[in-house]
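Trainee: got a sequence here, can you model it:
(2 chains)
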Amino acid sequence: MATVLDAGEIGRALKRIAHEIIEHNHGLENVVLLGIPTRGAFLGERIAQFLGEIQSPVPVGTLDITLHRDDLRMRPPRPLLPTLIPAGGIEGKDVILVDDVLFSGRTIRAALDALGEIGRPKTVQLAVLVDRGHRELPIRADYVGKNIPTAASETVRVQLSEIDGQDGVEIVAGA
Amino acid sequence: MKKHLLSIADLSASDAIEILNTASELSKISDGPMKKLPTLRGRTVVNLFFEDSTRTRISFESAAKRLSADVINFSAKGSSVSKGESLKDTAQTLQAMGADAVVIRHGASGAAQRLADSGWISASVINAGDGTHEHPTQALLDAYTIRSKFPQFQSDFKGLKVAIVGDILHSRVARSNVLLLTKLGAHVTLVAPPTLIPVGVEDWDVDVSYDLDSVIGEVDVLMALRVQAERMADSFFPSVREYSRGYGLDAVRLNALKDSAIVMHPGPMIRGLEISAESADSHKSVVLAQVANGVLVRMAVLYQLLGGAALTGEVSA
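Mentor: Model prediction:
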(Lines give C-alpha, C1' and ligand atoms only; values in the text may rest on other atoms or scores of the structure.)
Protein backbone atom coordinates (compact mmCIF):
# COMPACT_ATOMS: atom_id res chain seq x y z
CA MET A 1 0.00 0.00 0.00
CA ALA A 2 1.49 3.32 -1.06
CA THR A 3 0.08 6.79 -0.60
CA VAL A 4 0.35 8.70 -3.88
CA LEU A 5 -1.56 11.89 -2.98
CA ASP A 6 -2.03 13.38 0.47
CA ALA A 7 -4.66 15.90 1.56
CA GLY A 8 -2.58 18.93 0.58
CA GLU A 9 -1.75 17.51 -2.84
CA ILE A 10 -5.41 16.72 -3.53
CA GLY A 11 -6.33 20.31 -2.67
CA ARG A 12 -3.62 21.74 -4.92
CA ALA A 13 -4.55 19.40 -7.79
CA LEU A 14 -8.20 20.45 -7.61
CA LYS A 15 -7.25 24.11 -7.46
CA ARG A 16 -5.04 23.70 -10.52
CA ILE A 17 -7.91 21.95 -12.33
CA ALA A 18 -10.14 24.92 -11.44
CA HIS A 19 -7.61 27.31 -13.02
CA GLU A 20 -7.35 25.11 -16.11
CA ILE A 21 -11.14 25.04 -16.49
CA ILE A 22 -11.26 28.84 -16.48
CA GLU A 23 -8.37 29.07 -18.93
CA HIS A 24 -9.71 26.43 -21.30
CA ASN A 25 -13.25 27.82 -21.39
CA HIS A 26 -12.22 31.52 -21.45
CA GLY A 27 -14.30 32.16 -18.34
CA LEU A 28 -17.13 30.42 -16.59
CA GLU A 29 -20.29 31.94 -18.09
CA ASN A 30 -21.36 28.75 -19.84
CA VAL A 31 -19.82 26.13 -17.52
CA VAL A 32 -21.82 23.51 -15.58
CA LEU A 33 -20.13 20.96 -13.31
CA LEU A 34 -21.65 17.48 -12.94
CA GLY A 35 -20.05 15.11 -10.44
CA ILE A 36 -20.51 11.37 -10.78
CA PRO A 37 -21.59 9.91 -7.42
CA THR A 38 -20.31 9.00 -4.99
CA ARG A 39 -16.87 10.62 -4.80
CA GLY A 40 -17.02 12.51 -8.09
CA ALA A 41 -19.96 14.45 -6.63
CA PHE A 42 -17.84 15.69 -3.72
CA LEU A 43 -14.95 16.53 -6.05
CA GLY A 44 -17.38 18.49 -8.22
CA GLU A 45 -18.46 20.50 -5.16
CA ARG A 46 -14.85 21.19 -4.22
CA ILE A 47 -13.86 22.33 -7.72
CA ALA A 48 -16.97 24.56 -7.79
CA GLN A 49 -15.83 26.03 -4.46
CA PHE A 50 -12.42 26.89 -5.94
CA LEU A 51 -14.01 28.34 -9.09
CA GLY A 52 -16.18 30.53 -6.88
CA GLU A 53 -13.15 31.76 -4.94
CA ILE A 54 -11.04 32.36 -8.04
CA GLN A 55 -13.65 33.89 -10.32
CA SER A 56 -17.40 33.31 -10.00
CA PRO A 57 -19.87 30.65 -8.80
CA VAL A 58 -20.90 27.96 -11.29
CA PRO A 59 -23.93 25.64 -11.31
CA VAL A 60 -22.98 22.25 -9.89
CA GLY A 61 -24.99 19.03 -9.89
CA THR A 62 -24.67 15.27 -9.89
CA LEU A 63 -25.26 12.62 -12.52
CA ASP A 64 -25.90 9.02 -11.52
CA ILE A 65 -24.97 6.60 -14.27
CA THR A 66 -26.08 3.31 -12.69
CA LEU A 67 -28.96 2.73 -15.08
CA HIS A 68 -26.66 3.20 -18.07
CA ARG A 69 -23.87 0.85 -17.00
CA ASP A 70 -22.91 -1.99 -19.34
CA ASP A 71 -21.82 -4.29 -16.51
CA LEU A 72 -25.14 -4.36 -14.62
CA ARG A 73 -25.59 -8.05 -15.22
CA MET A 74 -22.19 -8.93 -13.80
CA ARG A 75 -23.00 -7.77 -10.26
CA PRO A 76 -25.93 -7.69 -7.85
CA PRO A 77 -28.31 -4.74 -8.33
CA ARG A 78 -26.90 -1.49 -7.04
CA PRO A 79 -28.87 1.19 -5.26
CA LEU A 80 -29.49 4.28 -7.37
CA LEU A 81 -27.62 7.43 -6.37
CA PRO A 82 -28.92 10.97 -6.65
CA THR A 83 -29.06 12.76 -9.99
CA LEU A 84 -29.40 16.51 -9.60
CA ILE A 85 -29.34 18.64 -12.71
CA PRO A 86 -28.88 22.38 -11.91
CA ALA A 87 -31.89 24.61 -12.61
CA GLY A 88 -30.36 26.09 -15.76
CA GLY A 89 -30.15 22.63 -17.34
CA ILE A 90 -27.36 21.49 -19.63
CA GLU A 91 -28.74 22.48 -23.02
CA GLY A 92 -26.02 24.36 -24.95
CA LYS A 93 -23.71 24.44 -21.89
CA ASP A 94 -20.09 23.43 -21.48
CA VAL A 95 -20.61 20.47 -19.19
CA ILE A 96 -17.64 19.27 -17.16
CA LEU A 97 -18.00 15.75 -15.81
CA VAL A 98 -16.07 15.14 -12.59
CA ASP A 99 -15.01 11.71 -11.34
CA ASP A 100 -12.41 10.39 -8.94
CA VAL A 101 -10.56 7.76 -10.99
CA LEU A 102 -10.40 7.30 -14.76
CA PHE A 103 -9.74 3.63 -15.52
CA SER A 104 -11.47 1.61 -18.25
CA GLY A 105 -13.52 4.60 -19.44
CA ARG A 106 -16.78 2.68 -19.16
CA THR A 107 -18.20 4.91 -16.45
CA ILE A 108 -17.65 7.93 -18.67
CA ARG A 109 -19.24 6.19 -21.66
CA ALA A 110 -22.29 5.54 -19.46
CA ALA A 111 -22.23 9.17 -18.30
CA LEU A 112 -22.22 10.38 -21.91
CA ASP A 113 -25.27 8.18 -22.58
CA ALA A 114 -27.02 9.48 -19.45
CA LEU A 115 -26.21 13.05 -20.48
CA GLY A 116 -27.57 12.48 -23.99
CA GLU A 117 -30.94 11.60 -22.48
CA ILE A 118 -31.10 14.86 -20.58
CA GLY A 119 -30.09 17.33 -23.25
CA ARG A 120 -27.49 18.42 -25.77
CA PRO A 121 -24.57 20.25 -24.19
CA LYS A 122 -22.33 22.43 -26.39
CA THR A 123 -19.27 20.55 -25.18
CA VAL A 124 -18.62 17.80 -22.67
CA GLN A 125 -15.28 17.83 -20.85
CA LEU A 126 -13.88 15.48 -18.26
CA ALA A 127 -12.03 16.24 -15.04
CA VAL A 128 -10.61 13.42 -12.91
CA LEU A 129 -8.50 13.37 -9.78
CA VAL A 130 -6.52 10.33 -10.90
CA ASP A 131 -5.88 8.85 -14.34
CA ARG A 132 -4.58 5.32 -13.81
CA GLY A 133 -4.46 4.16 -17.44
CA HIS A 134 -5.77 0.83 -18.81
CA ARG A 135 -8.43 2.39 -21.03
CA GLU A 136 -10.82 0.02 -22.80
CA LEU A 137 -12.58 2.76 -24.80
CA PRO A 138 -11.39 5.79 -26.79
CA ILE A 139 -11.93 8.24 -23.93
CA ARG A 140 -9.51 10.76 -22.38
CA ALA A 141 -9.64 13.37 -19.63
CA ASP A 142 -9.30 17.11 -20.26
CA TYR A 143 -8.18 17.87 -16.70
CA VAL A 144 -6.16 15.39 -14.65
CA GLY A 145 -5.13 15.79 -11.02
CA LYS A 146 -2.39 13.21 -11.29
CA ASN A 147 -1.39 10.49 -13.75
CA ILE A 148 -0.57 7.35 -11.81
CA PRO A 149 0.85 4.36 -13.71
CA THR A 150 -0.66 1.21 -12.21
CA ALA A 151 -0.83 -2.51 -12.83
CA ALA A 152 -4.29 -3.70 -13.83
CA SER A 153 -4.39 -5.90 -10.74
CA GLU A 154 -3.83 -2.98 -8.37
CA THR A 155 -6.63 -0.90 -6.86
CA VAL A 156 -6.57 2.88 -6.55
CA ARG A 157 -8.39 3.91 -3.40
CA VAL A 158 -9.55 7.51 -3.17
CA GLN A 159 -10.64 8.73 0.25
CA LEU A 160 -12.42 12.04 0.76
CA SER A 161 -13.14 13.65 4.11
CA GLU A 162 -16.87 14.07 3.25
CA ILE A 163 -17.50 10.32 3.53
CA ASP A 164 -14.23 8.65 4.48
CA GLY A 165 -13.20 11.04 7.25
CA GLN A 166 -9.87 11.92 5.59
CA ASP A 167 -8.35 12.86 2.25
CA GLY A 168 -5.88 10.61 0.49
CA VAL A 169 -5.19 8.51 -2.58
CA GLU A 170 -3.36 5.22 -2.24
CA ILE A 171 -2.49 2.22 -4.35
CA VAL A 172 -3.44 -1.13 -2.92
CA ALA A 173 -1.77 -4.23 -4.32
CA GLY A 174 -4.11 -6.68 -6.01
CA ALA A 175 -4.86 -10.14 -4.71
CA MET B 1 -33.58 -8.14 -2.55
CA LYS B 2 -34.87 -11.63 -3.11
CA LYS B 3 -35.48 -13.18 -6.49
CA HIS B 4 -39.26 -12.81 -6.39
CA LEU B 5 -41.78 -10.29 -5.10
CA LEU B 6 -44.67 -12.40 -3.87
CA SER B 7 -45.83 -10.78 -0.68
CA ILE B 8 -45.22 -7.74 1.49
CA ALA B 9 -44.70 -10.24 4.29
CA ASP B 10 -41.39 -11.25 2.63
CA LEU B 11 -40.04 -7.67 2.73
CA SER B 12 -38.37 -5.98 5.65
CA ALA B 13 -39.08 -2.32 6.35
CA SER B 14 -35.66 -1.42 4.95
CA ASP B 15 -36.30 -3.47 1.76
CA ALA B 16 -39.49 -1.49 1.26
CA ILE B 17 -37.84 1.87 1.92
CA GLU B 18 -35.10 0.95 -0.55
CA ILE B 19 -37.70 0.29 -3.25
CA LEU B 20 -39.33 3.65 -2.47
CA ASN B 21 -35.95 5.41 -2.59
CA THR B 22 -35.18 3.83 -5.96
CA ALA B 23 -38.56 5.01 -7.23
CA SER B 24 -37.79 8.54 -5.97
CA GLU B 25 -34.54 8.61 -7.93
CA LEU B 26 -36.33 7.29 -11.00
CA SER B 27 -38.93 10.04 -10.64
CA LYS B 28 -36.22 12.70 -10.84
CA ILE B 29 -34.94 11.15 -14.05
CA SER B 30 -38.42 10.71 -15.55
CA ASP B 31 -39.33 14.32 -14.76
CA GLY B 32 -37.32 15.72 -17.63
CA PRO B 33 -37.60 14.89 -21.31
CA MET B 34 -36.06 11.46 -20.62
CA LYS B 35 -38.54 8.71 -21.07
CA LYS B 36 -36.49 5.61 -21.75
CA LEU B 37 -33.54 3.99 -19.99
CA PRO B 38 -31.38 1.20 -21.45
CA THR B 39 -31.13 -0.71 -18.17
CA LEU B 40 -33.11 -3.87 -18.97
CA ARG B 41 -32.33 -4.06 -22.66
CA GLY B 42 -32.57 -7.66 -23.86
CA ARG B 43 -34.64 -8.83 -20.90
CA THR B 44 -38.14 -10.19 -21.39
CA VAL B 45 -41.01 -9.45 -19.03
CA VAL B 46 -44.21 -11.45 -19.43
CA ASN B 47 -47.49 -10.07 -18.13
CA LEU B 48 -49.47 -13.19 -17.29
CA PHE B 49 -52.99 -12.02 -16.46
CA PHE B 50 -55.69 -14.54 -15.59
CA GLU B 51 -57.98 -11.78 -14.31
CA ASP B 52 -59.07 -8.52 -15.87
CA SER B 53 -57.00 -5.46 -15.15
CA THR B 54 -56.48 -2.06 -16.73
CA ARG B 55 -54.21 -0.13 -14.43
CA THR B 56 -51.88 -2.84 -13.20
CA ARG B 57 -51.14 -4.41 -16.56
CA ILE B 58 -50.61 -1.11 -18.37
CA SER B 59 -48.53 0.12 -15.46
CA PHE B 60 -46.23 -2.93 -15.52
CA GLU B 61 -46.02 -2.77 -19.31
CA SER B 62 -45.11 0.88 -19.27
CA ALA B 63 -42.56 0.37 -16.46
CA ALA B 64 -40.86 -2.48 -18.32
CA LYS B 65 -40.79 -0.53 -21.58
CA ARG B 66 -39.29 2.56 -19.97
CA LEU B 67 -36.43 0.33 -18.85
CA SER B 68 -36.13 -1.04 -22.42
CA ALA B 69 -37.25 -4.58 -21.56
CA ASP B 70 -39.26 -6.56 -24.10
CA VAL B 71 -42.84 -7.07 -22.96
CA ILE B 72 -45.14 -9.95 -23.80
CA ASN B 73 -48.76 -9.57 -22.73
CA PHE B 74 -50.68 -12.69 -22.02
CA SER B 75 -54.28 -12.67 -20.92
CA ALA B 76 -56.25 -15.81 -20.21
CA LYS B 77 -59.05 -14.70 -22.48
CA GLY B 78 -58.16 -15.60 -26.04
CA SER B 79 -55.31 -17.90 -24.99
CA SER B 80 -55.02 -21.64 -24.70
CA VAL B 81 -56.02 -21.33 -21.04
CA SER B 82 -59.59 -21.01 -22.23
CA LYS B 83 -59.05 -24.35 -24.01
CA GLY B 84 -58.12 -25.94 -20.69
CA GLU B 85 -54.35 -25.53 -20.50
CA SER B 86 -52.98 -25.75 -16.95
CA LEU B 87 -50.88 -23.12 -15.17
CA LYS B 88 -47.96 -25.54 -15.34
CA ASP B 89 -48.08 -25.92 -19.12
CA THR B 90 -48.53 -22.19 -19.59
CA ALA B 91 -45.56 -21.51 -17.31
CA GLN B 92 -43.36 -24.01 -19.13
CA THR B 93 -44.26 -22.38 -22.43
CA LEU B 94 -43.11 -19.04 -21.05
CA GLN B 95 -39.92 -20.66 -19.78
CA ALA B 96 -39.20 -22.05 -23.23
CA MET B 97 -39.65 -18.54 -24.65
CA GLY B 98 -36.98 -17.22 -22.30
CA ALA B 99 -38.93 -14.99 -19.93
CA ASP B 100 -36.75 -13.22 -17.34
CA ALA B 101 -39.68 -12.06 -15.22
CA VAL B 102 -43.30 -13.13 -15.01
CA VAL B 103 -45.84 -10.67 -13.66
CA ILE B 104 -48.79 -12.79 -12.63
CA ARG B 105 -52.34 -11.89 -11.68
CA HIS B 106 -54.56 -14.81 -10.80
CA GLY B 107 -57.92 -15.33 -9.14
CA ALA B 108 -56.57 -17.98 -6.80
CA SER B 109 -54.76 -16.91 -3.64
CA GLY B 110 -51.22 -18.31 -3.65
CA ALA B 111 -50.95 -18.64 -7.44
CA ALA B 112 -47.82 -16.48 -7.57
CA GLN B 113 -46.19 -18.45 -4.76
CA ARG B 114 -47.03 -21.69 -6.56
CA LEU B 115 -45.42 -20.43 -9.76
CA ALA B 116 -42.30 -19.28 -7.91
CA ASP B 117 -41.83 -22.45 -5.86
CA SER B 118 -42.83 -24.95 -8.51
CA GLY B 119 -39.53 -25.23 -10.32
CA TRP B 120 -41.46 -24.86 -13.59
CA ILE B 121 -39.67 -21.66 -14.49
CA SER B 122 -36.42 -19.92 -13.63
CA ALA B 123 -37.79 -16.39 -14.10
CA SER B 124 -38.43 -13.91 -11.30
CA VAL B 125 -42.09 -13.92 -10.29
CA ILE B 126 -43.88 -10.71 -9.40
CA ASN B 127 -47.28 -11.00 -7.76
CA ALA B 128 -49.68 -8.54 -9.38
CA GLY B 129 -52.62 -9.73 -7.28
CA ASP B 130 -53.55 -13.26 -6.27
CA GLY B 131 -57.16 -13.87 -5.24
CA THR B 132 -57.91 -12.22 -1.91
CA HIS B 133 -54.32 -12.66 -0.69
CA GLU B 134 -51.94 -9.86 -1.66
CA HIS B 135 -51.11 -7.15 -4.19
CA PRO B 136 -47.66 -6.02 -3.06
CA THR B 137 -46.85 -3.44 -5.75
CA GLN B 138 -50.13 -1.63 -5.00
CA ALA B 139 -49.15 -1.30 -1.34
CA LEU B 140 -45.71 -0.04 -2.37
CA LEU B 141 -47.12 2.57 -4.71
CA ASP B 142 -49.60 3.66 -2.02
CA ALA B 143 -46.73 4.04 0.45
CA TYR B 144 -44.79 5.99 -2.17
CA THR B 145 -47.78 8.28 -2.74
CA ILE B 146 -48.20 8.86 1.01
CA ARG B 147 -44.51 9.63 1.32
CA SER B 148 -44.65 12.14 -1.51
CA LYS B 149 -47.58 13.98 0.14
CA PHE B 150 -46.20 14.05 3.69
CA PRO B 151 -42.60 15.31 3.81
CA GLN B 152 -42.39 14.41 7.52
CA PHE B 153 -42.79 10.68 6.79
CA GLN B 154 -39.76 9.71 4.71
CA SER B 155 -37.89 6.87 6.39
CA ASP B 156 -40.85 5.51 8.37
CA PHE B 157 -44.55 6.22 8.99
CA LYS B 158 -44.46 6.47 12.79
CA GLY B 159 -47.33 8.75 13.84
CA LEU B 160 -49.23 8.52 10.55
CA LYS B 161 -52.91 7.60 10.91
CA VAL B 162 -54.55 5.66 8.10
CA ALA B 163 -58.13 4.44 7.75
CA ILE B 164 -58.85 1.72 5.20
CA VAL B 165 -62.56 1.77 4.45
CA GLY B 166 -64.75 -0.78 2.71
CA ASP B 167 -64.56 -4.33 1.53
CA ILE B 168 -61.63 -5.49 3.66
CA LEU B 169 -62.74 -9.12 3.48
CA HIS B 170 -62.16 -9.52 -0.25
CA SER B 171 -59.40 -6.99 -0.65
CA ARG B 172 -55.85 -8.06 -1.40
CA VAL B 173 -55.01 -4.37 -1.57
CA ALA B 174 -56.09 -3.94 2.06
CA ARG B 175 -54.07 -6.98 3.16
CA SER B 176 -50.86 -5.79 1.50
CA ASN B 177 -51.40 -2.25 2.72
CA VAL B 178 -52.01 -3.31 6.32
CA LEU B 179 -48.81 -5.34 6.27
CA LEU B 180 -46.70 -2.59 4.73
CA LEU B 181 -48.15 0.39 6.62
CA THR B 182 -47.86 -1.30 10.02
CA LYS B 183 -44.37 -2.51 9.12
CA LEU B 184 -43.42 1.12 8.49
CA GLY B 185 -44.97 2.17 11.81
CA ALA B 186 -48.31 3.71 10.76
CA HIS B 187 -51.44 3.33 12.85
CA VAL B 188 -54.11 1.61 10.74
CA THR B 189 -57.86 1.49 11.40
CA LEU B 190 -60.04 -0.79 9.31
CA VAL B 191 -63.55 0.56 8.81
CA ALA B 192 -66.30 -1.66 7.38
CA PRO B 193 -69.59 -3.32 8.20
CA PRO B 194 -68.98 -6.41 10.37
CA THR B 195 -69.75 -8.73 7.45
CA LEU B 196 -66.85 -7.31 5.42
CA ILE B 197 -64.22 -7.64 8.17
CA PRO B 198 -62.21 -10.87 7.77
CA VAL B 199 -62.22 -13.55 10.45
CA GLY B 200 -58.98 -13.46 12.43
CA VAL B 201 -58.55 -9.69 12.13
CA GLU B 202 -57.80 -9.55 15.87
CA ASP B 203 -54.39 -11.03 15.04
CA TRP B 204 -53.58 -8.09 12.79
CA ASP B 205 -51.84 -5.08 14.25
CA VAL B 206 -54.82 -2.77 13.55
CA ASP B 207 -57.90 -1.21 15.11
CA VAL B 208 -61.34 -2.05 13.76
CA SER B 209 -64.30 0.29 13.64
CA TYR B 210 -67.82 -0.10 12.26
CA ASP B 211 -68.44 3.63 12.30
CA LEU B 212 -66.70 5.75 9.68
CA ASP B 213 -67.89 9.08 11.10
CA SER B 214 -66.17 8.49 14.45
CA VAL B 215 -62.83 7.88 12.73
CA ILE B 216 -62.80 10.28 9.82
CA GLY B 217 -61.78 13.48 11.62
CA GLU B 218 -58.53 12.03 12.95
CA VAL B 219 -56.91 10.36 9.96
CA ASP B 220 -54.16 11.63 7.66
CA VAL B 221 -54.98 9.13 4.93
CA LEU B 222 -58.37 7.75 3.99
CA MET B 223 -58.11 4.79 1.68
CA ALA B 224 -61.41 3.77 0.10
CA LEU B 225 -61.71 0.29 -1.38
CA ARG B 226 -63.85 -0.91 -4.23
CA VAL B 227 -66.85 -3.05 -3.34
CA GLN B 228 -65.91 -6.27 -5.13
CA ALA B 229 -69.20 -7.47 -6.49
CA GLU B 230 -67.52 -10.26 -8.45
CA ARG B 231 -66.19 -11.89 -5.30
CA MET B 232 -69.47 -11.70 -3.39
CA ALA B 233 -71.48 -14.84 -3.85
CA ASP B 234 -73.76 -13.88 -0.96
CA SER B 235 -75.01 -10.53 0.12
CA PHE B 236 -72.87 -8.77 2.69
CA PHE B 237 -75.00 -5.66 3.16
CA PRO B 238 -78.72 -5.00 2.70
CA SER B 239 -78.53 -2.58 -0.24
CA VAL B 240 -76.12 -0.47 -2.20
CA ARG B 241 -77.74 2.68 -0.85
CA GLU B 242 -77.38 1.55 2.73
CA TYR B 243 -73.70 0.73 2.20
CA SER B 244 -73.12 4.05 0.57
CA ARG B 245 -74.81 5.92 3.43
CA GLY B 246 -72.74 4.14 6.08
CA TYR B 247 -69.35 3.83 4.41
CA GLY B 248 -69.32 5.86 1.19
CA LEU B 249 -67.09 8.93 1.03
CA ASP B 250 -69.61 11.67 0.22
CA ALA B 251 -69.28 15.45 0.29
CA VAL B 252 -70.17 15.73 4.01
CA ARG B 253 -67.51 13.22 5.01
CA LEU B 254 -65.03 14.84 2.66
CA ASN B 255 -65.46 18.06 4.63
CA ALA B 256 -65.04 16.21 7.92
CA LEU B 257 -61.51 15.23 6.93
CA LYS B 258 -58.54 17.24 8.17
CA ASP B 259 -57.30 19.91 5.76
CA SER B 260 -54.02 18.07 5.31
CA ALA B 261 -55.64 14.66 4.80
CA ILE B 262 -55.54 12.82 1.48
CA VAL B 263 -58.04 10.45 -0.13
CA MET B 264 -56.74 7.33 -1.87
CA HIS B 265 -58.42 4.65 -3.94
CA PRO B 266 -56.66 1.76 -5.69
CA GLY B 267 -59.12 1.90 -8.59
CA PRO B 268 -61.27 1.07 -10.37
CA MET B 269 -63.63 3.45 -8.55
CA ILE B 270 -67.35 2.92 -8.54
CA ARG B 271 -68.54 6.47 -8.26
CA GLY B 272 -71.62 6.89 -6.12
CA LEU B 273 -71.01 3.66 -4.20
CA GLU B 274 -67.83 3.78 -2.10
CA ILE B 275 -66.81 7.26 -3.26
CA SER B 276 -68.84 10.18 -4.58
CA ALA B 277 -67.83 12.01 -7.73
CA GLU B 278 -66.96 15.22 -5.83
CA SER B 279 -64.72 13.29 -3.44
CA ALA B 280 -62.99 11.45 -6.28
CA ASP B 281 -62.32 14.72 -8.10
CA SER B 282 -61.52 16.89 -5.07
CA HIS B 283 -58.09 18.38 -4.41
CA LYS B 284 -57.68 15.92 -1.54
CA SER B 285 -57.89 12.99 -3.93
CA VAL B 286 -54.54 11.55 -5.03
CA VAL B 287 -56.03 8.82 -7.20
CA LEU B 288 -54.25 9.93 -10.38
CA ALA B 289 -50.97 10.43 -8.54
CA GLN B 290 -51.31 6.82 -7.41
CA VAL B 291 -51.53 5.72 -11.03
CA ALA B 292 -48.52 7.80 -12.09
CA ASN B 293 -46.51 6.60 -9.10
CA GLY B 294 -47.40 3.01 -9.93
CA VAL B 295 -45.16 3.12 -12.99
CA LEU B 296 -42.21 4.46 -10.97
CA VAL B 297 -42.60 1.90 -8.20
CA ARG B 298 -42.91 -0.96 -10.70
CA MET B 299 -39.80 0.31 -12.52
CA ALA B 300 -38.00 0.21 -9.16
CA VAL B 301 -39.19 -3.35 -8.50
CA LEU B 302 -38.19 -4.53 -11.99
CA TYR B 303 -34.82 -2.85 -11.63
CA GLN B 304 -34.17 -4.47 -8.28
CA LEU B 305 -35.25 -7.94 -9.47
CA LEU B 306 -33.71 -7.88 -12.95
CA GLY B 307 -31.16 -5.06 -12.91
CA GLY B 308 -28.28 -7.06 -11.51
CA ALA B 309 -26.67 -10.42 -11.97
CA ALA B 310 -29.11 -13.28 -12.26
CA LEU B 311 -29.67 -14.98 -8.92
CA THR B 312 -29.61 -18.56 -10.03
CA GLY B 313 -31.20 -21.30 -8.04
CA GLU B 314 -32.33 -19.07 -5.22
CA VAL B 315 -35.87 -19.58 -4.04
CA SER B 316 -37.60 -16.92 -2.02
CA ALA B 317 -38.28 -17.52 1.65
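
Trainee: wait, what's in contact with the residue in chain A that chain B sits nearest to?
Mentor: As assessed by CB to the nearest CB, chain B sits closest to A:Pro77 within chain A, at 3.4 Å. Yep, even glycine has a C-beta here, placed from its N, CA and C like the rest. Counting by CB atoms under 8 Å, 6 or more residues apart in numbering or on different chains, A:Pro77 touches B:1, B:303-305, B:307-308.

Trainee: same deal with B:Pro136?
Mentor: Taking CB under 8 Å, 6+ apart as the criterion, B:Pro136 is in contact with B:5-8, B:11, B:127, B:176, B:180.

Trainee: point to the residue nearest the middle of chain B.
Mentor: Of all residues in chain B, the one closest to the mean position by CA atoms, centre = their mean is B:Gln138, 1.6 Å from it.

Trainee: so it touches B:Met264, yeah?
Mentor: No: with contacts defined as CB atoms under 8 Å, B:Gln138 does not count as touching B:Met264, sitting 10.4 Å away.

Trainee: about what we covered before: chain A: which of the contacts of B:Pro136 is nearest?
Mentor: When the contacts of B:Pro136 are compared against chain A (criterion: CB to the nearest CB), the nearest one is B:Leu5, at 12.9 Å.

Trainee: can you list the weak-confidence ranges in chain A?
Mentor: Along chain A, segments meeting pLDDT under 70 span A:175.

Trainee: report the longest helix in it, please.
Mentor: The helix spanning the most residues in chain A, taking DSSP state H as the definition, is helix A:7-25.

Trainee: what number of residues lie near B:Lys36?
Mentor: Look at B:Lys36: counted by other CB atoms under 10 Å in any protein chain shown, it has 12 neighbours.

Trainee: which residues does it contact?
Mentor: A:117, B:65-68.

Trainee: buried subset of the residues you listed as a ChimeraX selection?
Mentor: Buried residues among those (16 or more other CB atoms under 10 Å in any protein chain shown), as a ChimeraX selection:
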select /A:117 /B:65,66,67
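
Trainee: now for the contacts of B:Lys36: which two are most distant?
Mentor: Maximum pairwise distance among the contacts of B:Lys36 (CB to CB): 15.1 Å, between A:Glu117 and B:Lys65.

Trainee: by neighbours, which of the contacts of B:Pro136 wins?
Mentor: Ranked by neighbours (other CB under 10 Å), the contacts of B:Pro136 are led by B:Leu5, which has 30 neighbours.

Trainee: what sits closest to that residue if chain neighbours are left out?
Mentor: Distances taken as CB to CB, 6 or more residues apart in numbering or on different chains place B:Ile126 nearest to B:Leu5, at 4.9 Å, with adjacent residues excluded.

Trainee: I'd say the one you found and B:Val103 touch.
Mentor: Yes: using CB under 8 Å, B:Ile126 makes contact with B:Val103 at a distance of 4.6 Å.

Trainee: could you check which of these two has the larger neighbour count?
Mentor: Between B:Ile126 and B:Val103, B:Val103 has the larger neighbour count (other CB under 10 Å), namely 33 against 26.

Trainee: dump the residue contacts of that one.
Mentor: Taking CB under 8 Å, 6+ apart, we find B:Val103 in contact with B:45-48, B:60, B:126, B:128.

Trainee: how far away from the center of its chain is the helix or strand where it lies?
Mentor: Element membership for B:Val103, per DSSP states H and E: strand B:101-106. Its chain's C-alpha centre and that of strand B:101-106 lie 13 Å apart, by CA atoms, centre = their mean, to the nearest Å.

Trainee: check contacts around the residue of chain B found nearest chain A.
Mentor: Of all residues in chain B, B:Gly308 sits closest to chain A, at 3.4 Å by CB to the nearest CB. Applying CB under 8 Å, 6+ apart, we find B:Gly308 in contact with A:72-73, A:75-78.

Trainee: leaving out chain neighbours, which residue sits closest to it?
Mentor: Leaving aside its sequence neighbours, B:Gly308 sits nearest to A:Pro77 (CB to CB, 6+ apart; 3.4 Å).

Trainee: with B:Val201 instead?
Mentor: B:Val208 (5.9 Å).

Trainee: can you list the helices and strands that the host helix or strand of that neighbour packs against?
Mentor: Per DSSP H and E, B:Val208 falls inside strand B:207-209. In this structure, strand B:207-209 makes packing contacts with strand B:187-191, judged by 3 or more CB pairs under 8 Å, 6 or more residues apart in numbering or on different chains; DSSP states H and E.

Trainee: partners of the strand it packs on in the sheet?
Mentor: strand B:161-165 (parallel), strand B:207-209 (parallel) (DSSP bridges).

Trainee: among these, show me which one is buried the most.
Mentor: Among these, the stretch with the highest mean neighbour count (mean count of other CB atoms under 10 Å in any protein chain shown) is strand B:161-165, at a mean of 23.

Trainee: quick one: whatever helix or strand comes next after that strand to strand B:101-106, angle?
Mentor: Note on strand B:161-165: by DSSP H and E, the next helix or strand toward the C-terminus is helix B:172-183. Interaxial angle, helix B:172-183 versus strand B:101-106 (axes from the mean of the first three to the mean of the last three CA atoms, to 10 degrees): 120 degrees.

Trainee: so how far is helix B:172-183 off the chain centroid?
Mentor: A distance of 9 Å separates the centroid of the chain from that of helix B:172-183, by CA atoms, centre = their mean.

Trainee: over to stretch B:129-143?
Mentor: 3 Å.

Trainee: what's the burial count for residue 41?
Mentor: Using chain A. Close neighbours of A:Ala41, defined as other CB under 10 Å, add up to 26.

Trainee: please go with chain B instead
Mentor: 13.

Trainee: middle-most residue in chain A, spatially?
Mentor: Nearest to the mean C-alpha position of chain A, counting by CA atoms, centre = their mean, stands A:Asp99 at 1.6 Å.

Trainee: A:Leu34 reaches A:Leu97, doesn't it?
Mentor: Yes: between A:Leu34 and A:Leu97 there is a contact under CB under 8 Å: 5.6 Å.

Trainee: which residues do these two both contact?
Mentor: What both A:Leu34 and A:Leu97 touch, as defined by CB under 8 Å, 6+ apart, is the set A:63, A:111, A:115.

Trainee: by neighbours, which of those residues wins?
Mentor: Busiest of these [other CB under 10 Å] is A:Leu63, holding 27 neighbours.

Trainee: relative to A:Ala111, how far out is that one?
Mentor: Look at A:Leu63 and A:Ala111: by CB to CB, to the nearest Å, they are 6 Å apart.

Trainee: if we can go back for a sec, let me see the contact set for the residue nearest to B:Val201.
Mentor: Counting by CB under 8 Å, 6+ apart, B:Val208 makes contact with B:189-191, B:197, B:201.

Trainee: that'll do, ta.
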